[in-house]
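In: no sequence for this one, just the structure:
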Ligand SMILES: Nc1ncnc2c1ncn2[C@@H]1O[C@H](COP(=O)(O)OP(=O)(O)OP(=O)(O)O)[C@@H](O)[C@H]1O
């Protein structure tokens, strides 16, 4: 993609674990997010989604080894010092995570926290930051924001807290927002409101969003494109419309078939028979082979990434005859 605000190229992340071993949590991921675009990153627990988000945010477990490139507006973030990273975090790149309560300081008012997010990165007066914070609280749908400015987080519901977190994250118009399961802790109706809020705000500001979720229902609601991650690798990516209408990878199909029905509790995880392989010793060849109904001798060799005529990509031998290899 040209003009991507976030371009991830052949990213690999290894995390050290006891016994001198390494978890290859992200293994050769290439992915782009355009301005104002929402790209869903889906997969079961343990597939490396949060580690990928952490690599973009510069927030990985100590001792992790990273290779590949993470370009933010064409600048490679991988060479940044901790201090440089601290400066761009909350400014050029921002994070909204699952639990709004842990993102907010219980001892400060919500308004002060949004104002601080502004003053950490902008040389503005307290008064100007306060006015902007009131405005932002209004934009994210906090009723009567001037009156609620001084209230501490515990006076807000989970959904309202997440709105405050979004206000703080978008305070400085970041180029990229990493939203890691932003609605998993919320009930279904509130979930939809928060997702639509994110969609409206980021499309309007041109912020590119990487939306990490295990829930394809969330992807269907707000994403433009989606990347399906399995065992540290992206196995399929494409537009939401194409991928839902015609999933190509057997893992994508299994994920779609396993999504909890609408009446189930929100936050339920998909259930696919078998489990994600141990990423300290990933299998050679296709990593989904042991769970795949279409497994074949050739799956003992890692499949190529194949470009489809509609612009999508899939890493599966089933489609090799269809078009050309991308890499
Ligand atoms: N701090 C850590 N120390 C050791 N291993 C880790 C650490 N963080 C992640 N991992 C491992 O990296 C792999 C990918 O984990 P990650 O949390 O990125 O996956 P995920 O898809 O985001 O899962 P979830 O949806 O449960 O958050 C897993 O095998 C996990 O055990």
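Out: Yep, it's here. Bear in mind that the values here come from a model prediction, so they are computed numbers and not experimental data.

In: all contacts plus neighbour counts: C-alpha atoms, from now on.
Out: OK.

In: Smallest gap between the stretch 201-327 of the chain and the ligand, at which residue?
Out: Residue nearest to the ligand within the stretch 201-327 of the chain (Cα to the nearest ligand atom): residue 279, separated by 5.4 Å.

In: looking at this, residue 28 is in a helix?
Out: No: in this structure, residue 28 is strand, not part of a helix, as judged by DSSP: H, G, I helix; E, B strand; the rest coil.

In: State the phi and psi torsions of the closest residue to it other than its chain neighbours.
Out: Using Cα to Cα, 6 or more residues apart in numbering and skipping residues adjacent in sequence, the residue nearest residue 28 is residue 10, 4.3 Å away. In terms of degrees, to the nearest 10, the main-chain angles of residue 10 are phi 50, psi 50.

In: So what's the residue count around residue 10?
Out: Other residues lying near residue 10 total 16 when counted by other Cα atoms under 10 Å.

In: Name the surrounding residues that touch the least confident helix or strand in the chain by mean pLDDT.
Out: Least confident helix or strand, the chain: helix 100-103 with a mean of 86, by mean pLDDT, DSSP states H and E. Contacts with helix 100-103, where a contact means Cα atoms under 8 Å, 6 or more residues apart in numbering, come from 97, 153, 158, 161, 162, 165.

In: Could you do stretch 4-22 as well?
Out: Residues outside stretch 4-22 that contact it (Cα under 8 Å, 6+ apart): 23-35, 51-52, 55, 61, 63-74, 175-176, 208, 280.

In: same question, stretch 173-188
Out: With Cα under 8 Å, 6+ apart as the test, stretch 173-188 has contacts from 5-6, 35, 50, 53, 57, 72-73, 90-99, 158-159, 162, 169, 191, 194-195, 205-214, 266-267.

In: Mind giving me the ChimeraX command for buried ones among those?
Out: In ChimeraX syntax, the buried subset of the contacts of stretch 173-188 is picked out as below (16 or more other Cα atoms under 10 Å):
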select :5,6,35,50,53,57,72,73,90,91,92,93,94,95,96,97,98,99,158,159,162,169,191,194,195,206,207,208,209,210,211,212,213,214,266,267
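
In: which among the contacts of stretch 173-188 are in contact with the ligand?
Out: Residues of those in contact with the ligand (Cα under 6 Å from any ligand atom): residue 50.

In: So which of the contacts of stretch 173-188 sit within helices?
Out: 50, 53, 57, 158, 159, 162, 169, 191, 194, 195, 205 (DSSP state H).

In: Can you tell me which of the residues you listed is nearest the ligand?
Out: residue 50 (3.6 Å).

In: Distance-wise, check the closest residue to the ligand within the stretch 51-200 of the chain relative to residue 161.
Out: When distances are taken as Cα to the nearest ligand atom, the stretch 51-200 of the chain reaches nearest to the ligand at residue 51, 3.7 Å away. To residue 161, residue 51 is 25 Å away according to Cα to Cα, to the nearest Å.

In: And residue 216, by the same measure?
Out: 24 Å.

In: Ok, residue 195 next?
Out: Residue 195 sits 14 Å away from residue 161, going by Cα to Cα.

In: now residue 179
Out: Taking Cα to Cα, one finds residue 179 at 15 Å from residue 161.

In: What residues of the strand or helix carrying residue 147 count as buried?
Out: According to DSSP states H and E, residue 147 maps onto helix 145-148. Neighbour counts using 16+ other Cα under 10 Å place 145, 146, 148 of helix 145-148 among the buried residues.

In: Then stretch 48-63?
Out: For stretch 48-63, by 16+ other Cα under 10 Å, it's 48, 49, 50, 51, 52, 53, 54, 55, 56, 57, 58, 60.

In: ok, and what's touching that stretch?
Out: By Cα under 8 Å, 6+ apart, the residues outside stretch 48-63 that reach it are 13, 15-16, 25-26, 41-43, 66, 70, 77, 82, 85, 89, 93-95, 178, 180, 210, 212, 229-233.

In: Which ones among the residues you listed map onto helices?
Out: Using DSSP H, the contacts of stretch 48-63 in helices are 82, 85.

In: Excluding covalently adjacent residues, which one is nearest to residue 238?
Out: Leaving aside its sequence neighbours, residue 238 sits nearest to residue 312 (Cα to Cα, 6+ apart; 4.2 Å).

In: from memory that neighbour sits against residue 240, does it?
Out: No: here residue 312 does not reach residue 240: they are 10.1 Å apart, not a contact under Cα atoms under 8 Å.

In: Could you check which of the two is surrounded by more residues?
Out: Using other Cα under 10 Å as the criterion, residue 312 and residue 240 rank with residue 240 on top: 22 against 18.

In: With adjacent residues omitted, what lies nearest to that one?
Out: residue 225 (4.9 Å).

In: Please list all residues in contact with the one you found.
Out: Shown in contact with residue 225 (Cα under 8 Å, 6+ apart): 37, 38, 39, 40, 237, 238, 239, 240.
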